[in-house]
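Peer 1: When you get a sec, could you give me coordinates for this:
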Amino acid sequence: MYHQPIIILGMHRSGTTMITQLLENLGLFVGTEKEVNHEALFFWEINNWIFDLHTATPEKPHNMRYKNMACEKVIIESLEYFVQSSKRKQYLGSLTSTFNSIKDVAIPFGWKDPKNTFTIDFWKHVFPNPKIIHIYRNPIDSVSSYIERDLVLKNKFVWNWKKKIKRNFLISKHFHENFRLTSIEEGYHLWEEYITKALSLKQEFPDYLEIKYEDFLAQPEPYIHQLISFCGLKMDEEKIKNELNKIDGTKAYSFIKNTQYVEIYHQLKNQPIVQQLGYDAII
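Peer 2: Coordinates of the predicted model:
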């Protein structure tokens, strides 16, 4: 029996890593080699390549909306090649000898990457009936967490020997990672881009599950049962209990403790999409 993949997506810093790790612990195969945010390197690297072809980045996904038929054909043919090439070992690991293609995988499997929000337009040609899990979080917490992470990992404009070499050869790519996330207000527009695109997928894919991060934290058990059923996993009450013990409900609406963030929230709470998702009456 073949399985269609579980494709996990949503804005960065919205709980996608938490949900992915939970599902993996409950039996979902999400890849052998993974990067720090629990994203399968096989799909993560290919998604990066697709973004590069569109001269887009995760923080500037705008160009992903522009379609070029010739480029799309190349991408789809390449994805078909990659899922059955030797590169698949990066994802399948010890299962490589069992499955000649990732399309042949006969166990519940999937992968997480916020970039899936935009690259799903290509992956759907390889996996025509995927199951989509969209996880979303209120914009202030999502964006502030993203900014704080990037300030630590990316946005320190440190003058070092690598950058001096790049400067000398006029190499600008990756000289500095991300200028966009300098404010909550600008980050909100990025959040809106991801959310709008992810919500639009609901009309296209019948197997589409939405998880509101804050609701999950408040009452995780029914959501875990729903996710297990959606992903076709086996119910294991002992494993479910272990996962429930790891969940920290205090992470919901963390921004309320920050007066500056609260002020920004009041400026944004009447935005249509904020109201649509029920975030207009947090305070």
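
Peer 1: Could you use CA atoms for every contact and neighbour count after this?
Peer 2: Noted.

Peer 1: List the contacts of the closest residue to residue 72 other than its chain neighbours.
Peer 2: Leaving aside its chain neighbours, residue 72 sits nearest to residue 122 (7.5 Å; criterion: CA to CA, 6 or more residues apart in numbering). Neighbouring residues of residue 122 by CA atoms under 8 Å, 6 or more residues apart in numbering: 72, 75, 76.

Peer 1: Distance check, residue 122 against residue 131.
Peer 2: 15 Å (CA to CA, to the nearest Å).

Peer 1: again, but for residue 138
Peer 2: Separation of residue 138 from residue 131 (CA to CA): 23 Å.

Peer 1: And residue 9, by the same measure?
Peer 2: Counting by CA to CA, the separation of residue 9 from residue 131 is 11 Å.

Peer 1: Comparing these two, which residue is more hemmed in?
Peer 2: residue 9 (27 against 21; other CA atoms under 10 Å).

Peer 1: shouldn't the more buried one be in contact with residue 116?
Peer 2: Yes: using CA atoms under 8 Å, residue 9 is in contact with residue 116, at 5.6 Å.

Peer 1: what's in contact with stretch 8-15?
Peer 2: Contact with stretch 8-15 is made by 16, 20, 110-117, 132-137, 142-143, 145-146, 191, 194-195, 198, 213, as judged by CA under 8 Å, 6+ apart.

Peer 1: got a list of what residue 273 touches?
Peer 2: Counting by CA under 8 Å, 6+ apart, residue 273 touches 192, 196.

Peer 1: Just to confirm, which residue in this structure is farthest away from the center?
Peer 2: Centroid-distance maximum for the chain: residue 168 at 35.5 Å, with CA atoms, centre = their mean.

Peer 1: show me where pLDDT drops low in the stretch 101-250 of the chain?
Peer 2: Within the stretch 101-250 of the chain, the segments meeting pLDDT under 70 span 150-157, 174-178.

Peer 1: gap between the nearest residue to residue 4 once chain neighbours are set aside and residue 5?
Peer 2: Excluding its sequence neighbours, the residue lying closest to residue 4 (CA to CA, 6+ apart) is residue 130, at 5.2 Å. Distance from residue 130 to residue 5, counting by CA to CA: 5 Å.

Peer 1: more neighbours, those two?
Peer 2: Set residue 130 next to residue 5 and count neighbours by other CA under 10 Å: residue 5 wins out with 24 against 20.

Peer 1: What are the boundaries of the strands in the protein?
Peer 2: Using DSSP state E, the strands of the chain run over 6-9, 110-112, 131-136, 208-212.

Peer 1: out of the ones you listed, which comes closest to residue 68?
Peer 2: strand 6-9 (23.6 Å; CA to CA).

Peer 1: For that closest one, what is the distance to the chain centroid?
Peer 2: 7 Å (CA atoms, centre = their mean, to the nearest Å).

Peer 1: ok, now which ones touch residue 193?
Peer 2: residue 61.

Peer 1: burial of residue 253, as a residue count?
Peer 2: 18.

Peer 1: Quick one: neighbours of the residue nearest to it when sequence neighbours are not counted, just the number.
Peer 2: Residue nearest to residue 253 in three dimensions, not counting chain neighbours: residue 141, with 6.6 Å by CA to CA, 6+ apart. Neighbour count of residue 141, defined by other CA under 10 Å: 21.

Peer 1: cool, and residue 240?
Peer 2: Using other CA under 10 Å, residue 240 has 18 other residues around it.

Peer 1: Would you check that it makes contact with residue 27?
Peer 2: No: in this structure, residue 240 is not within contact of residue 27 by CA under 8 Å, at 10.9 Å.

Peer 1: and of the strands of the chain, who's closest to residue 158?
Peer 2: Closest of the strands of the chain to residue 158 is strand 110-112, at 30.7 Å (criterion: CA to CA).

Peer 1: other SSEs contacting the closest one?
Peer 2: Counting contacts by 3 or more CA pairs under 8 Å, 6 or more residues apart in numbering; DSSP states H and E, strand 110-112 is packed against strand 6-9, helix 16-25.
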